[in-house]
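quick one: sequence plus predicted model below, questions after.
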Amino acid sequence: MKPAARQPATLAAHAVGFSDPIHGAIVPPIHPSTTYERDEDNQLINAARLYSRADNPGYDAVESLLTQLEHGAASLVFSSGMSAATAVFLALQPGDHVIVPPVFYWALRNWLSDWATRWGLKVEAVDTAQPALVAAAIRPGTTKLLWVETPANPNLAIADIAALAEIAHHAGARLVVDSTFATPVHSQPLTLGADLVMHSATKYLNGHSDVIAGSLTTHVDDDYWKRVRLMRNQIGTVLGPFEAWLLLRGMRTLFVRVPAQSRSALALAENFSSHPAIKTVLYPGLASHPGHAVAAKQMHGGFGGMLSLRVNGGAPAALALMRKLQIWKRATSLGGVESLIEHRASVEPPAGGTPDDLLRLSVGIEDAGDLIADLEQALG
Ligand SMILES: Cc1ncc(COP(=O)(O)O)c(C=O)c1O
């Protein structure tokens, strides 16, 4: 009898159905070996395994799970989100034109305007929340890649994946989506026309603030994807075997953690949108957010666990609020089970334009009432 198609939460909980045929173990092992043996005739015992800078058996389940959750053709895990993202650009050619948003993860923006530009990429910033502007800026035949982050870090801007995919493809370019904030729980960019989806797996996929990792999933296993794969091998941006194991373990609870985080984030956004000390709540789940209609169209089951608050009184008020918090942890990063808060202008270069009254919140799995009460007492 053909098994029934499994829901994503089931695939994740079962780590795509691993079971050990020798011992019956239900948790996959860790493979620390860096090298793989040949037989007397100099043939690799397993033709797919040569050296662990190319691959590791511990990637199989996590890459297969990502491929299934994203509805792609293949996935690769990397040593960080940044190494996954940079592989996408390094697989292009010097002289290629790429379009990126004006606001997205600052370290990638910096790398593109510094190293990648010196290498020869022509990087142009266009507001990807406005497809008409992208359509006007894209150069058919010359623009090779359109990069979007949705929801974006840290302003929570929304890009219309389906509309941008059409514009990109019409011009012969690829659309790559950094879906770190959305997660595969709420969005599958490949089903909307994107060519590649990227995650900082450090965040929600792992979910416990104890692994640095990245991932890419492709819609088609073509020559470009083979160059991306080769890049990981040549540069050696491979994930450690223990980190791969931790990542898979974290992903098993993804469909429990993320919906809870999104529910709490919405409760926080609603609560603080009318608070006198708050100037604006940036959260795509609010009807007042400029990207709400697009977010509602392309995200399902929630709008993610990230929101930003702009407080009245600028940086001094933002920092004073943070000082009084007792539950929220003052730390960078996001997507873990514990709630984190960060004054982004303190860590991003000033050229990025992040307002100094902005606090970015990563909502954890604590009781939402406790999280709201802690912020309220800190706001006085
Ligand atoms: C949206 C987004 N993309 C990419 C990255 C980079 O990921 P990593 O820190 O795993 O290299 C981050 C890190 O904060 C991020 O927030």
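Perfect, I can see it now.

quick one, domains of the protein?
For the chain, automatic domain parsing gives the domain ranges 8-251, 254-379.

dump the ones you listed to CSV, plus mean neighbour count.
(Each C-beta comes from the backbone N, C-alpha and C, glycine too.) Listed next are these as CSV, based on neighbours: other CB atoms under 10 Å:
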stretch, mean neighbour count
domain 8-251, 19
domain 254-379, 19
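
could I get those domains as CSV with mean pLDDT?
CSV is the format used below for those (pLDDT from 0 to 100):
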stretch, mean pLDDT
domain 8-251, 97
domain 254-379, 97
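
so for the ligand, which of these sits nearest?
domain 8-251 (2.3 Å; CB to the nearest ligand atom).

regarding the closest one, how distant is the last residue from the first?
Start-to-end span of domain 8-251 (CA to CA, to the nearest Å) is 11 Å.

do that domain and the ligand come into contact?
Yes - using CB under 6 Å from any ligand atom, domain 8-251 reaches the ligand at 80-82, 85, 105, 149, 153, 178, 180, 200, 202, 212, 214.

and the furthest pair within the residues you listed?
Glu149 and Ile212 (18.4 Å; CB to CB).

related to what we said a few turns ago, in strands, which of the residues of domain 8-251 next to the ligand fall?
Mapping these onto strands (DSSP state E) picks out Glu149, Asp178, Ser200, Gly214.

quick one, what contacts the nearest residue to the last one once chain neighbours are set aside?
Spatial nearest neighbour of Gly214, chain neighbours left out: Ala84 (3.2 Å); criterion: CB to CB, 6 or more residues apart in numbering. Applying CB atoms under 8 Å, 6 or more residues apart in numbering to Ala84 gives the contacts Leu76, Val77, Phe78, Met198, His199, Ser200, Gly214, Ser215, Leu216, Thr237.

switch to 10 Å and redo it
76-78, 178, 196, 198-201, 213-217, 228, 232, 237, 239 (CB atoms under 10 Å, 6 or more residues apart in numbering).

go on, Pro259?
Ala9, Thr183, Val185, His186, Gly301, Gly302, Gly305.

in strands, which of these appear?
Short answer: the contacts of Pro259 have none in strands (DSSP E).

distance to Leu246 added to the residues you listed, as a markdown table?
A markdown table is the format used below for the contacts of Pro259 (distance: CB to CB, whole Å):
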| residue | distance to Leu246 |
| --- | --- |
| Ala9 | 20 |
| Thr183 | 17 |
| Val185 | 19 |
| His186 | 23 |
| Gly301 | 25 |
| Gly302 | 25 |
| Gly305 | 20 |
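
now, the most widely separated pair of these?
Going by CB to CB, the pair spanning the contacts of Pro259 furthest: Ala9 and Gly305, at 16.8 Å.

any idea what Arg174 is bridged to?
Beta-bridge pairing for Arg174 (DSSP bridges): Leu145.

and the residue nearest to Gly214, how far from His170?
Per CB to CB, to the nearest Å, Ala84 is found 26 Å from His170.

repeat for Lys144
14 Å.

check Ile138 too.
8 Å.

nearest residue to the middle of this structure?
Central residue of the chain (CA atoms, centre = their mean): Thr180, 1.8 Å from the mean position.

my guess is that one meets Asn206, correct?
No - when contacts are counted by CB atoms under 10 Å, Thr180 is not listed as touching Asn206 (11.3 Å).

overlap in contacts of the two?
With CB under 10 Å, 6+ apart as the test, Thr180 and Asn206 both reach His199, Ser200, Gly335.

can you pull the contacts of the last one?
Think Gly335. Counted by CB under 10 Å, 6+ apart, Gly335 has contacts 180-181, 183, 199-209, 250, 257-258, 261, 304-306, 362-364.

what does it show for phi and psi?
Backbone torsions of Gly335, given as degrees, to the nearest 10, read phi 90, psi 0.

quick one, strands of this protein?
74-78, 97-100, 122-125, 143-149, 174-178, 196-200, 214-218, 278-282, 306-311, 329-330, 340-343, 358-362.
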